[in-house]
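Engineer: structure for this input, please:
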Amino acid sequence: MGKELVTAVFSPHDRVLFRRRVRRGLDALTGMLEEGRIEAGDRTTGLEIEINLVDAEAAPAMRNAEVLTDLADPRFQLELGRFNLELNVPPRSLAGDGLGDYEREILQALRAAGDSARKRETRLILIGMLPTLTAGQLVLGDISDNERFRALDAEIAGARGDAFRIDIQGPERLRTSSDTIAPEGACTSAQFHLRVNPADFARYWNASQAIAGVQLALGANAPFLYRRRLWAETRIPFFEQATDARPDEFAAQGVRPRVWFGDRWIESILDLYEENVRYFPPLLPELGDEDPVAVLAAGGIPELPELRLHNGTVYRWNRPVYDVTGGRPHLRVENRVLPSGPTVADMLANAAFYFGLVRQLAEEDPPLWACLDFAAAEAGFRTGARDGIEARLFWPGLGEVPVTDLVRDVLLPRAHSGLDRYGVHPAHRDRFLGIIEDRCRTRRNGAVWQSETVRTVQERGLDRAVALREMTQRYLEFQRTNEPVHTWPI
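Structural biologist: So this is what the prediction gives:
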């Protein structure tokens, strides 16, 4: 979720100054791009993995601060809910053994975190939404003890001026409400970062948007919330509704939500930052000391703290990132579409598919988005989230086709080619993309396994709550094997 705030109470004057600083940061970013001051560099990648903590009964364990203290590993940090942690995996190139190195490091980090969790009588689970959650476990008191989270809750709830209403229709229906953003803690994701050449940013972002529905269909892993079976990836509509800062009147007028897919293809990263300034009021107007234009004029590299902080409170499913590492600025696409889990192998298969496919599509001419309407891409995003691996998606030249056929016949060969462009070792390429192919062949991802397992348990005469608990216990057992979910028995 980002750094902890220094100040959590903001005055009207703070907001005025913050808006000015954001605009000044945008001016500096524009100047840097025009002058070629942002490096292309290597196409390095990064991963963030959100994790849930559960107790012996597979219920949420509100002990993240204690586990984090015991762990003492800077790669891990608090997330919104007291039962959430986040693992930030150091960036690296995919060339050679990059994917294998990711797997080894993530497994090692999770083993160490698991050891610390056991001292607190908790376990780690990688899953899109914890199936055993109830609404009573997602209240204001369950937000982590962090000034940023408390300030976000106060700002978003204050801007809305009413309860957050949830209404999700799947095989079953959920209607509920909350007066806090605490329910957002139910949503746990795996986020992929891809460093790109500034001149190529728009192509990579557009490609990421175009395949978001395919990603969701393949990787869905959140079919249950509050004991109801909803979308294959319920995380998508729930996150949108649980953090919607707009009063009903603003939504009716077409004011854009902060959790946003977007409404057009872009030509520059500046299109996205300009939309941030134009459409979204500041939520956390924390002021820094930097004058970015003056820093740039003096030959320095500005950090752009206000522009970056503001960008972090606009929750695009593919987010632009400006960052400075070792005094060197760069740009990244942050892909925020996918859920956490089911296993490290599954997440890296999703990552290999995303990185490879996006690279190939971004470098093809004519580009895919020249013949794909943006509205069709957004519709595919929602269809993939709702229907999962059973989704039928539109693709240029093919029309509406089963996503499993689209992936196996059209997209996997492109992902292979993209990984080859990165120099990925063929053994890693074939292993991880093979998981995607087998997922399509068996038509089983995390959402399917969860749903079928719960149905099987309920057929034994057990109620939904017991079935969800038993399924989650089995999920924990299989997750530890790191065998991909399509191989798990029902």
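
Engineer: what sits against the residue nearest to the spatial centre of the chain?
Structural biologist: In the chain, the centroid-proximal residue (CA atoms, centre = their mean) is residue 336; its distance is 2.6 Å. By CB atoms under 8 Å, 6 or more residues apart in numbering, the residues touching residue 336 are 189, 191, 315-319. Quick note: C-beta positions are derived from backbone N, CA and C, even for glycine.

Engineer: now, which of these sits nearest residue 31?
Structural biologist: Using CB to CB, residue 319 comes nearest to residue 31 of the contacts of residue 336, at 22.0 Å.

Engineer: so the closest one belongs to a helix, correct?
Structural biologist: No. Assigned with DSSP: H, G, I helix; E, B strand; the rest coil, residue 319 falls outside any helix and is strand.

Engineer: so where's this protein uncertain?
Structural biologist: Across the chain, residues meeting the criterion (pLDDT under 70) sit at 1-9.

Engineer: for it, longest helix please?
Structural biologist: Ranked by number of residues, the top helix in the chain under DSSP state H is helix 12-35.

Engineer: the strands in the stretch 151-300 of the chain, which residues?
Structural biologist: Counting by DSSP state E, counting those that start in this stretch, the stretch 151-300 of the chain has strands at residues 164-169, 173-178, 189-196, 224-225, 228-229, 259-260.

Engineer: packing partners of the fourth one?
Structural biologist: What it means is strand 224-225. If you count contacts as 3 or more CB pairs under 8 Å, 6 or more residues apart in numbering; DSSP states H and E, strand 224-225 packs onto helix 446-458.

Engineer: now whichever strand or helix holds the residue nearest to the centre of the chain: buried residues?
Structural biologist: If you go by DSSP states H and E, residue 336 is part of strand 328-339. For strand 328-339, the neighbour count (16 or more other CB atoms under 10 Å) marks 329-339 as buried.

Engineer: quick check: residue 390 touching residue 443?
Structural biologist: Yes. Using CB atoms under 8 Å, residue 390 makes contact with residue 443 at a distance of 7.3 Å.

Engineer: re the thing from before, just the buried residues out of the contacts of residue 336, in ChimeraX syntax.
Structural biologist: Remark: buried members of the contacts of residue 336, expressed as a ChimeraX selection using 16+ other CB under 10 Å:
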select :189,191,316,317,318,319
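
Engineer: could you redo the contacts of residue 336 as JSON lines and give each row distance to residue 179?
Structural biologist: Rendered in JSON lines, the data for the contacts of residue 336 read as follows (distance: CB to CB, whole Å):
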{"residue": "189", "distance to residue 179": "24"}
{"residue": "191", "distance to residue 179": "28"}
{"residue": "315", "distance to residue 179": "20"}
{"residue": "316", "distance to residue 179": "26"}
{"residue": "317", "distance to residue 179": "26"}
{"residue": "318", "distance to residue 179": "30"}
{"residue": "319", "distance to residue 179": "27"}
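
Engineer: give the pairing partners of the strand holding residue 336; include direction for each.
Structural biologist: Partner strands and pairing direction for strand 328-339 (DSSP bridges) are strand 189-196 (antiparallel), strand 318-325 (antiparallel).

Engineer: just to revisit the earlier point, CA-only coordinates of the longest helix of the chain, as CSV, when you get a sec.
Structural biologist: The C-alpha trace of helix 12-35 is given here as CSV (Å, rounded to 0.1, in the frame of the first residue of the first chain):
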residue,chain,number,x,y,z
PRO,A,12,-7.7,22.8,3.4
HIS,A,13,-4.4,24.7,2.8
ASP,A,14,-2.5,21.4,2.6
ARG,A,15,-4.9,20.3,-0.2
VAL,A,16,-4.4,23.4,-2.2
LEU,A,17,-0.6,23.2,-1.9
PHE,A,18,-0.7,19.5,-2.7
ARG,A,19,-2.6,20.1,-5.9
ARG,A,20,-0.1,22.7,-7.0
ARG,A,21,2.8,20.3,-6.2
VAL,A,22,1.1,17.5,-8.2
ARG,A,23,0.8,19.8,-11.2
ARG,A,24,4.4,20.9,-10.8
GLY,A,25,5.5,17.3,-10.6
LEU,A,26,3.6,16.6,-13.8
ASP,A,27,5.4,19.6,-15.4
ALA,A,28,8.8,18.1,-14.3
LEU,A,29,7.9,14.6,-15.6
THR,A,30,6.9,16.1,-18.9
GLY,A,31,10.2,17.9,-19.1
MET,A,32,12.1,14.8,-18.3
LEU,A,33,10.4,12.9,-21.0
GLU,A,34,11.0,15.6,-23.6
GLU,A,35,14.6,15.9,-22.7
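
Engineer: what residues does stretch 356-369 touch?
Structural biologist: Stretch 356-369 is touched from outside by 43, 194, 200, 203-204, 206-211, 265, 333, 377, 396, 411, 414-419, 421-422, 424, 429, 433, with contacts defined as CB under 8 Å, 6+ apart.

Engineer: just the CA trace of that stretch, in PDB.
Structural biologist: What follows is stretch 356-369 as a C-alpha-only set of coordinates in PDB (Å, rounded to 0.1, in the frame of the first residue of the first chain):
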ATOM      1  CA  GLY A 356       6.000 -12.900 -22.500                       C
ATOM      2  CA  LEU A 357       2.600 -12.100 -24.100                       C
ATOM      3  CA  VAL A 358       2.800  -8.400 -23.300                       C
ATOM      4  CA  ARG A 359       6.300  -8.100 -24.700                       C
ATOM      5  CA  GLN A 360       5.300  -9.800 -27.900                       C
ATOM      6  CA  LEU A 361       2.100  -7.800 -28.400                       C
ATOM      7  CA  ALA A 362       3.800  -4.500 -27.600                       C
ATOM      8  CA  GLU A 363       6.400  -5.100 -30.300                       C
ATOM      9  CA  GLU A 364       4.000  -6.300 -33.000                       C
ATOM     10  CA  ASP A 365       2.800  -4.100 -35.900                       C
ATOM     11  CA  PRO A 366       0.100  -3.200 -36.500                       C
ATOM     12  CA  PRO A 367      -0.700  -3.200 -32.700                       C
ATOM     13  CA  LEU A 368      -3.600  -5.300 -31.400                       C
ATOM     14  CA  TRP A 369      -5.400  -2.200 -30.100                       C
END
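
Engineer: only the buried residues of it, if you could.
Structural biologist: For stretch 356-369, a neighbour-count test (16+ other CB under 10 Å) marks 356-362, 367-369 as buried.

Engineer: what segments of the stretch 301-450 of the chain are helices?
Structural biologist: Per DSSP state H, counting those that start in this stretch, the stretch 301-450 of the chain carries helices over the ranges 305-311, 344-362, 374-387, 403-406, 412-422, 426-442, 446-458.

Engineer: winner for burial among those?
Structural biologist: helix 344-362 (a mean of 25; mean count of other CB atoms under 10 Å).

Engineer: how close does residue 143 get to residue 16?
Structural biologist: Distance of residue 143 to residue 16, given as CB to CB, to the nearest Å: 28 Å.
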